[in-house]
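Chemist: Next come a sequence and a model predicted from it.
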Amino acid sequence: MSAIEKVSDLMAQYRAGYSLPGPLYYDQDVFDLEMKAIFGTQWLFACNECEVKEPGDYLTLELGRNSIIIVRDDNGEVTAWHNTCRHRGSRICQEHKGSVGRLVCPYHQWTYDLDGTLLAATQMPDDFDPKRYSLKPVHVCNVAGLVYICLAKEPPDLEHFKRTVSPYIIPHQPARTKVAFESVLIEKANWKLVIENNRECYHCAGNHPELLVSLVEAALPNDTRTHWFGDLMKRKGNEWDALGLPHQPVNGGIEFRCIRLPFNEGVTSMTMDGKPACKKLVGDLTERDLGSVRMFHVPNNWNHFLSDHIIHFRVIPRGPMETEVRTTWLVHEDAVEGWDYDVNRLAEVWQITNQQDQVLAEQNFLGVQSDAYEPGPYSPTGEFMILDFNRWYTTTMGEHLPPGAPGLRVAAE
Ligand code: FES
Ligand SMILES: [Fe+2]
């Protein structure tokens with residue numbers, strides 16, 4: 001059986017409403033197709049644009065065999081390039097972040113402008129045409145300060161997403177922040193289990209006492225399990241309407257979600273005691289009691305936009321069995337550490353929560369590899385967002401299977 005037949009066969013075993021067949025979580029051929037069909041084709045969250053604030057500021061991102069440079073050019077635009085020299089292919093930027101005037105390959109010093117054009121290459125013949133050797137571009141879309149990249153030649157449309165979520169995010173002005181703290185966890189779990197774990201709060205009561213100081217388990221204003229939450233949502237909704245802050249759930253289909261939800265009564269930030277994390281609010285906000293805008297975009301990004309800080313989460317697979325989860329905590333660019341905020345206090349809740357989630361995802365990953373594992377049913381109320389994710393996943397993978405493959409039947413259901 002060829003790799004594609006195997007993947008197709010596994011996709012055909014998927015039953016909507018149930019967790020995925022085990023090998024879809026750990027099989028190398030499945031992963032190889034995901035790297036093409038998903039991570040090589042879809043828009044991926046890379047960073048906040050404030051991480052490349054000045055021309056020449058860059059950071060790099062590893063996506064399977066590809067390394068990407070995200071750099072601000074001399075016109076102030078955020079651009080992205082393959083971090084592969086057009087001479088003999090060496091990596092150019094070898095640090096994760098830095099600042100440069102030009103992009104100089106360390107091997108033979110081919111030198112590129114920040115717009116990707118080759119400026120200098122010594123010892124090449126007279127008929128050598130540098131215009132033919134620009135860096136290979138990667139698509140970039142800046143969504144209210146959040147930088148998304150896409151490796152596809154023809155990227156899918158991101159305009160609907162951008163137009164829909166921007167009004168929710170713009171009041172928090174992500175571009176006018178700075179990274180106060182960053183954490184990178186390497187989790188021994190398949191990336192889809194990391195996402196699945198994020199897409200439900202069914203596990204919160206049993207695992208996240210620190211997070212639940214602020215977060216309410218209900219994920220929708222009309223969650224019937226918590227009538228008091230509906231009342232709180234109505235009251236806060238009226239206050240937010242008066243401030244001109246959108247809060248209703250958007251229609252992002254199976255690709256994205258965006259909503260502003262209140263925290264528990266009296267709580268204004270995701271701290272251990274629910275009290276502020278930073279004296280200075282982000283953007284030009286004047287009110288603290290704004291809950292958080294929760295925005296998720298397939299396949300690799302979720303965020304919280306609070307009144308006093310922003311948290312971005314970025315998921316990048318490193319193989320079928322290993323996933324990098326990068327979290328950044330951002331505060332107003334003028335906030336002063338030690339005066340406006342304390343880093344430990346700012347990051348504590350989500351650092352603890354991330355570690356708890358790491359254990360959950362890793363134990364889940366061990367379990368799905370057991371001979372005893374068979375796909376189990378999701379809770380329609382507690383895990384409805386995983387149903388959406390799995391529908392997106394099987395549809396997207398199905399589009400990359402050959403015509404007539406059984407996996408396509410799954411995608412069409
Ligand atoms: S490989 Fe980059 S200059 Fe030679
Ligand atoms: Fe969690």
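Modeler: In hand now; what should we look at? Ligands and ions are numbered 1, 2, ... in the order given.

Chemist: And the residue nearest to Tyr25 when sequence neighbours are not counted, its phi and psi?
Modeler: Once flanking residues are discounted, Tyr25 sits nearest to Asn190: 4.4 Å by C-beta to C-beta, 6 or more residues apart in numbering. All C-beta spots, glycine's among them, are computed from the backbone N, C-alpha and C. Main-chain dihedrals, Asn190, degrees, to the nearest 10: phi -70, psi 150.

Chemist: how about stretch 82-92: buried residues?
Modeler: Neighbour counts using 16 or more other C-beta atoms under 10 Å place 82-87, 92 of stretch 82-92 among the buried residues.

Chemist: same check, this time on stretch 287-299
Modeler: For stretch 287-299, burial by neighbour count (16+ other C-beta under 10 Å) applies to 290-299.

Chemist: go on, stretch 309-329?
Modeler: Across stretch 309-329, burial judged by 16+ other C-beta under 10 Å covers 309-317, 320-321, 323-329.

Chemist: Keep those, but drop any that are not near ligand 1.
Modeler: Among the buried residues of stretch 309-329, no residue is within reach of ligand 1 (C-beta under 6 Å from any ligand atom).

Chemist: hmm, back to that, right, and the residue nearest to Tyr25 touches Val315 too?
Modeler: No: under the criterion of C-beta atoms under 8 Å, Asn190 is not in contact with Val315, lying 10.7 Å apart.

Chemist: which residues are common contacts for those two?
Modeler: Thr323 (C-beta atoms under 8 Å, 6 or more residues apart in numbering).

Chemist: now Gly398: how far from Glu383?
Modeler: 22 Å (C-beta to C-beta, to the nearest Å).

Chemist: What parts of this structure come near ligand 1?
Modeler: Residues of the chain lying near ligand 1 (C-beta under 6 Å from any ligand atom): 85, 87-90, 105, 107-108, 110.

Chemist: With secondary structure added, can I get those residues in JSON lines?
Modeler: Output for the residues of the chain next to ligand 1, formatted as JSON lines (DSSP: H, G, I helix; E, B strand; the rest coil):
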{"residue": "Cys85", "secondary structure": "coil"}
{"residue": "His87", "secondary structure": "coil"}
{"residue": "Arg88", "secondary structure": "coil"}
{"residue": "Gly89", "secondary structure": "coil"}
{"residue": "Ser90", "secondary structure": "coil"}
{"residue": "Cys105", "secondary structure": "coil"}
{"residue": "Tyr107", "secondary structure": "coil"}
{"residue": "His108", "secondary structure": "coil"}
{"residue": "Trp110", "secondary structure": "coil"}
